[in-house]
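Peer 1: Below are the sequence and a predicted model for it; my questions follow.
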Amino acid sequence: MALTNAVVAPRYGTALYALARETNQVDLINEELQQLKAVCDAAPQLLAALDAPELTPAAKQQLIDTLKKDAIQPVANLIQMTFDYGRIGALPAIIDDFAVSAQADAGIVEGTVTSAVPLSDQQAQQLSSAIAAKLSAKTAHLTPVVDASVLGGVRVEAANRIIDGTVAHRIQQMRAALLAH
């Protein structure tokens with residue numbers, strides 16, 4: 001069975017995070033990984049080229065060497081290893097997994113909050129504090145999303161959980177209850 005990038009990325013990300021913690025380089029490695037991700041995002045054809053059969057192995061290695069040029073050793077090793085094992089396409093997902101581990105360890109939860117109308121700064125701050133407390137985190141960074149179809153209330157998606165207090169969700173629950181009887 002072939003392993004997909006979605007399966008492989010957490011393995012690499014977790015291993016790199018463990019190394020970063022062990023060497024007290026979490027912030028430094030995270031910063032370099034974010035710079036690497038910015039390069040990958042700015043030039044999406046780069047990762048595709050590294051997987052393409054049109055380039056020779058020597059040309060691909062030249063690109064890898066350029067990516068590794070100013071990187072600290074753990075990041076340079078990650079770049080080379082993902083290339084060597086044919087997993088260079090998983091690099092953005094590995095970087096995301098590392099960042100999630102770093103944030104979780106720091107007590108930071110990332111997520112979204114969906115509401116029918118924009119939340120005021122005070123409402124957003126109160127909701128962020130309440131979600132952080134509910135999820136046993138120090139801080140919750142919630143990205144606001146406005147979606148009139150929720151009708152009212154809020155839906156929060158963070159830490160692989162969904163807390164849905166929207167009017168649309170409640171109507172859906174009542175409808176299902178009425179149909180069940």
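Peer 2: Nice, I can see it. All values derive from a computational prediction rather than experimental measurement.

Peer 1: got the end-to-end distance for stretch 17-28?
Peer 2: Taking C-alpha to C-alpha, to the nearest Å, stretch 17-28 runs 11 Å from one end to the other.

Peer 1: Pull out the buried positions in that stretch.
Peer 2: Buried positions in stretch 17-28, judged by neighbour count with 16 or more other C-beta atoms under 10 Å: 17, 20, 25-26. C-beta coordinates here come from the backbone N, C-alpha and C atoms, glycine included.

Peer 1: For that stretch, give the mean pLDDT please.
Peer 2: Confidence over stretch 17-28, taken as the mean pLDDT, stands at 95.

Peer 1: now do stretch 120-138
Peer 2: pLDDT averaged over stretch 120-138 gives 93.

Peer 1: Need the contact partners of it.
Peer 2: 106-109, 111, 113, 119, 139-142, 144, 154, 156, 158-159, 161, 163 (C-beta atoms under 8 Å, 6 or more residues apart in numbering).

Peer 1: Could you list the domains of the protein?
Peer 2: Split into domains by automatic domain parsing, the chain comes to 5-103, 109-180.

Peer 1: Tell me the predicted confidence for the nearest residue to Asp147 once chain neighbours are set aside.
Peer 2: Leaving aside its sequence neighbours, Asp147 sits nearest to Thr114 (C-beta to C-beta, 6 or more residues apart in numbering; 5.2 Å). You'll see Thr114 listed with a pLDDT of 96.
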